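**Q** model the structure of this input:
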Amino acid sequence: MKTLALLLLLISASSHAEIRPFVPGSLQQIQAEQAGKPFILALWSATCIHCPGELKTLAKLARRHPRLNIVLLATDTPDEAAQLEKLALGYGLGKQAQWVFADPQPEKLRFEIDRRWFGELPRTYFFDRNHQRTASSGVIPVEQLEHWVGEHVK
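**A** Prediction:
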């Protein structure tokens, strides 16, 4: 019985990524971890009305393109990590890298990410292989996502 419980715990732990605190300097850490690889940085929130559709679309895209790297960044708080983890898993993105804002001044984090971003969600950043990025607010059409993946993910 103990062996079965341990096995279930290990399977559960490996089925999703740990949510990490996003603090000043975390964007540079994400970019370092993705060095030489294109990736999508998807900003979202548990309370965002349009985020579930966007995240489900990204999950479908990730299933069709297994080499696609997606990094999720929730603009909520670490206190909501369990809910965020459950939502990401439900959207089909539980194995993607996950971060959550962890600074008492979220404006400081938004400013560090992009001085022209005022907090609207969903917000998506497309980083090419050299980490030149383009940003988009709102729901991204599937065709645009597929086009970007076709150009950048080999």
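**Q** who touches the residue nearest to Thr124 when sequence neighbours are not counted in this structure?
**A** Spatial nearest neighbour of Thr124, excluding adjacent residues (C-beta to C-beta, 6 or more residues apart in numbering): Ser136 at 5.0 Å. (Each C-beta comes from the backbone N, C-alpha and C, glycine too.) Counting by C-beta atoms under 8 Å, 6 or more residues apart in numbering, Ser136 touches 123-126, 144.
**Q** make a PyMOL selection of whichever of these turn out to be buried.
**A** A single PyMOL command selects the buried members of the contacts of Ser136 (16 or more other C-beta atoms under 10 Å):
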select buried, resi 123+124+125+126
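**Q** just to revisit the earlier point, wait, a strand at the residue nearest to Thr124?
**A** Yes: the assignment for Ser136 by DSSP: H, G, I helix; E, B strand; the rest coil puts it in a strand.
**Q** how far away is it from Lys95?
**A** When distance is defined by C-beta to C-beta, to the nearest Å, Ser136 is 24 Å away from Lys95.
**Q** who does the most centrally placed residue in the chain bridge with?
**A** Closest to where the C-alpha atoms of the chain average out (C-alpha atoms, centre = their mean) is Leu72, at 1.0 Å. Beta-bridge pairing for Leu72 (DSSP bridges): Ala42, Gln98.
**Q** by mean pLDDT, point me to the weakest helix or strand of the protein.
**A** When each helix and strand of the chain is scored by mean pLDDT, DSSP states H and E, helix 2-14 comes last, with a mean of 36.
**Q** residue ranges with poor pLDDT in the chain?
**A** 1-16 (pLDDT under 70).
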